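K.L.:
Return a 3D structure for these sequence lines:
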Amino acid sequence: MKFLKSLLAAALATAALASHAADITVGVTVSATGPAASLGIPEKNTIDLMPKQIGKVKINYIVLDDASDTTAAVTNARKLITEHKVDVIIGSTTTPNSLAMIDVVSESQTPMISMAASARIVEPVDAKKRWVFKTPQNDIMMAIAIAQHMANAGIKSVGFIGFADAYGEGWLQEFQKAAGIKSLNVVAVERYNRTDTSVTGQVLKLTTAKPDAILIAGSGTPAALPQKALRERGYTGKIYQTHGVANNDFLRVGGKDVEGTILPAGPMLVAAQLPADHPVRKSALAYVNAYEAKYGKGSVSTFGGHGWDAGLLVERAATAALKKAQPGTPAFRAAMRDALEAVKEMPGAHGIFNMSAGDHNGLDQRGRVMVTISGGTWKYIGD
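P.N.:
Coordinates of the predicted model:
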């Protein structure tokens, strides 16, 4: 009898905890202005589509712009934690900004879900990065997909040009690994800044090496600059980009010069073109339909999808954390972190998430497809 009474008391306590819980506060920092604005704006827009309530508990979002600047991203993170007492942070948009925020969130033991791509953000899962998760696919998964496509196309030599920051350097390291696996020879490596207006010198060096194909490791509209320069110089080889360009602004800025580009991307980019039995089609279309219903047909962006997936993770984790602690407390933040790490088979816009103590990204091969640009739009060409 005493045992049954104890169980009943525990159940009532849990129910009372949830019913009287304070609001959940989600802090968001995105690059809505600056060089990464074409990525950050759809992420910011997506916040309006995220869950607003779990049971009787409201979810409030505080959104700040870091202007694509690492210092501003750190300042935003500190403000969200110290002034707004957030339970979790979503952000930032870019790899450098997200890396810069890690010390801040780990010091305060606040879980963070990044919308940037580099594996460096979550690997290795150490004392600091145990508080950090991310939604975009890891670079190595995408790099292997590119190398495999190159090998299948008979390509032997490759030139590389990427951002002179953590995104570009991370991609160079991962692509060199993938190229080695597929017996591809990287014959030239160049770098440029996100804010550069000319890459003539770098392109001359690339074309002099006469590679069969060139990989551009950039994101957003700045990734179009090397490709336009290559076409102007008459380069006729295949050009590959990373999943960092998968938005309509890249198509607009690149125009005819990006026709024929090949890249790996999250399934959401071509959701309507996926086979009916594709494991991500349904969850990807859920986001596409929600975004376009609010912002118009054709307005959806793959980067907003990373934000959507972060929102789904927050909802999943908060639902579990509410059974253990009150929002606004260290115990709730710790419970959120633990719940994020325990997420299993959660369908999102870009894949099926399975987190673990050693994997704070959680995506597998179901989280990427190969696409090309044809007729000014994205075309699915296979998995």
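
K.L.:
Could you double-check that Met115 lies in contact with Asn97?
P.N.:
No. Counting by Cβ atoms under 8 Å, Asn97 is not a contact partner of Met115; they are 9.9 Å apart. To be clear about C-beta, it is placed using only N, CA and C from the backbone, and glycine gets the same treatment.

K.L.:
Are there residues contacting both of these two? Which ones?
P.N.:
Gly91 (Cβ atoms under 8 Å, 6 or more residues apart in numbering).

K.L.:
So which bits of the longest helix anywhere in the chain are buried?
P.N.:
Secondary structure of the chain read by DSSP state H shows that its longest helix is helix 302-321. Judged by neighbour count using 16 or more other Cβ atoms under 10 Å, the buried positions of helix 302-321 are 302-318, 321.

K.L.:
repeat for stretch 250-270
P.N.:
250-251, 253-254, 257-258, 261-270.

K.L.:
Walk me through the domains of this protein.
P.N.:
2-137+287-367, 139-265 (automatic domain parsing).

K.L.:
Output those as TSV; include the columns distance to Ile381 and mean pLDDT.
P.N.:
Compiled in TSV, these are given as follows (distance: least, Cβ to Cβ, whole Å; pLDDT from 0 to 100):
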stretch	distance to Ile381	mean pLDDT
domain 2-137+287-367	16	92
domain 139-265	8	96
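
K.L.:
Give the burial count for the nearest residue to Thr197 once chain neighbours are set aside, as a bare number.
P.N.:
Take Thr197 and drop its neighbours on the chain: the residue closest to it by Cβ to Cβ, 6 or more residues apart in numbering is Leu225, 7.7 Å away. Neighbours of Leu225 under the rule other Cβ atoms under 10 Å: 22.

K.L.:
Could you pull out the helices in the stretch 1-150 of the chain for me?
P.N.:
2-19, 37-47, 70-82, 95-108, 139-152 (DSSP state H, counting those that start in this stretch).

K.L.:
Would you mark the buried spots in the last one?
P.N.:
Across helix 139-152, burial judged by 16+ other Cβ under 10 Å covers 139-147, 149-151.

K.L.:
got a list of what the residue nearest the centre of the chain touches?
P.N.:
The centroid of the chain falls nearest to Pro136 when counting by Cα atoms, centre = their mean (2.9 Å). Contacts were defined as Cβ under 8 Å, 6+ apart; by that measure Pro136 touches 114-117, 243, 266, 306, 350, 361.

K.L.:
can you do 10 Å?
P.N.:
Pro136 makes contact with 95, 114-119, 121, 142, 243-244, 266, 302-303, 305-306, 309-310, 350-351, 361, 363, 367, according to Cβ atoms under 10 Å, 6 or more residues apart in numbering.

K.L.:
Can you tell me the closest non-neighbouring residue to Ser283?
P.N.:
Leaving out its chain neighbours, Ser283 is closest to Pro347 (Cβ to Cβ, 6+ apart), at 3.6 Å.

K.L.:
swap that for Ala145, sorry
P.N.:
Per Cβ to Cβ, 6+ apart, closest to Ala145 is Pro264, 4.1 Å.
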